[in-house]
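Student: my questions concern the predicted model and sequence given below.
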Amino acid sequence: MDTNITWHTASVSKDERRVKNGHHSFVVWFTGLSASGKSTVANAVARKLFEKNIGNYVLDGDNIRHGLNKDLGFSESDRMENIRRIGEVAKLFVDQGTVVLTAFISPFRVDRKQVRDLLVVDEFIEVFVKCPIEECEKRDPKGLYKKARQGDIKEFTGVDSPYEEPEQAELIVETHKYSIEECAEQIVKYLQERSFI
């Protein structure tokens, strides 16, 4: 980084925003295979938080690649940069007082740890959206697994590129066993029991 760049401290602190908003700001990081239900669960949680007057925003993997990260492909280094950028954006939202719900495959533990390390303790909640790959392939709403199996998509997570399951996720939701509503309720209950909201 250029040494001529200076960080400017905000005139309104995170604590002041917490008091005014009536809730903490933090990141709920949804990780899991493609078609595991990350975006669907994240949006269900967003709706529940909204109904409780809790400011939140969903950062979705596909949506981010339409703008901020449209210059990135799917090589390992591009995936790492994708997550690094999202982590920085999520941190800005947290500093502003917002609950951030991120829905990204984020296949590598090191990248998820890098985002966790950007934030203060208790501002990063990793949610593993667990679903067997066989079930994800059955769902396959975008036809991506089929394309990957045919060789039309290279380095597809779970097919010919690894997915490293979280070893210490704060929460695991199993979308092949429970409904989206039940998974969202599980997350909201977790946040309430730990006084995040």
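Tutor: Sure thing, it's come through. Please read all numbers here as calculations on a predicted model, not as lab measurements. Numbers count the residues shown, from 1 in each chain.

Student: helices or strands next to the biggest helix by length in the chain in the packing?
Tutor: Among the elements of type helix in the chain, defined by DSSP state H, the one spanning the most residues is helix 76-96. In terms of contacts (3 or more CB pairs under 8 Å, 6 or more residues apart in numbering; DSSP states H and E), helix 76-96 is packed against helix 14-21, strand 27-31, strand 56-60, helix 61-64, strand 99-103, helix 109-118. Where C-beta positions appear, they are placed from N, C-alpha and C, glycine not excepted.

Student: so which bits of that helix are buried?
Tutor: When neighbours are counted by 16 or more other CB atoms under 10 Å, the buried residues of helix 76-96 are found to be 79-83, 86-87, 89-91, 93-96.

Student: again, but for stretch 14-24
Tutor: Lys14, Arg17, Asn21, His23, His24.

Student: in CSV: the residues you listed, plus pLDDT and distance to Ile5.
Tutor: Conversion of those to CSV gives the following (pLDDT from 0 to 100; distance: CB to CB, whole Å):
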residue, pLDDT, distance to Ile5
Lys14, 85, 22
Arg17, 87, 24
Asn21, 89, 29
His23, 90, 32
His24, 92, 29
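
Student: picking up where we left off before, ok, the buried residues of helix 76-96 vs Gln150, which is closest?
Tutor: For these, the residue nearest Gln150 by CB to CB is Arg79; the value is 21.4 Å.

Student: quick one: that closest one and Phe104 touch, right?
Tutor: No: when contacts are counted by CB atoms under 8 Å, Arg79 is not listed as touching Phe104 (9.3 Å).

Student: so which of the helices and strands packed on helix 76-96 is nearest His8?
Tutor: With distances scored as CB to CB, the stretch of those nearest to His8 is helix 14-21 (14.7 Å).

Student: tabulate the CA atom coordinates of the closest one in PDB.
Tutor: Coordinates of each C-alpha in helix 14-21 appear next as PDB, following Å, rounded to 0.1, in the frame of the first residue of the first chain:
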ATOM      1  CA  LYS A  14     -19.500   2.100  15.900                       C
ATOM      2  CA  ASP A  15     -20.700   2.200  19.500                       C
ATOM      3  CA  GLU A  16     -22.700   5.300  18.800                       C
ATOM      4  CA  ARG A  17     -24.300   3.600  15.900                       C
ATOM      5  CA  ARG A  18     -25.000   0.500  18.000                       C
ATOM      6  CA  VAL A  19     -26.800   2.600  20.600                       C
ATOM      7  CA  LYS A  20     -28.800   4.600  18.000                       C
ATOM      8  CA  ASN A  21     -29.700   1.500  15.900                       C
END
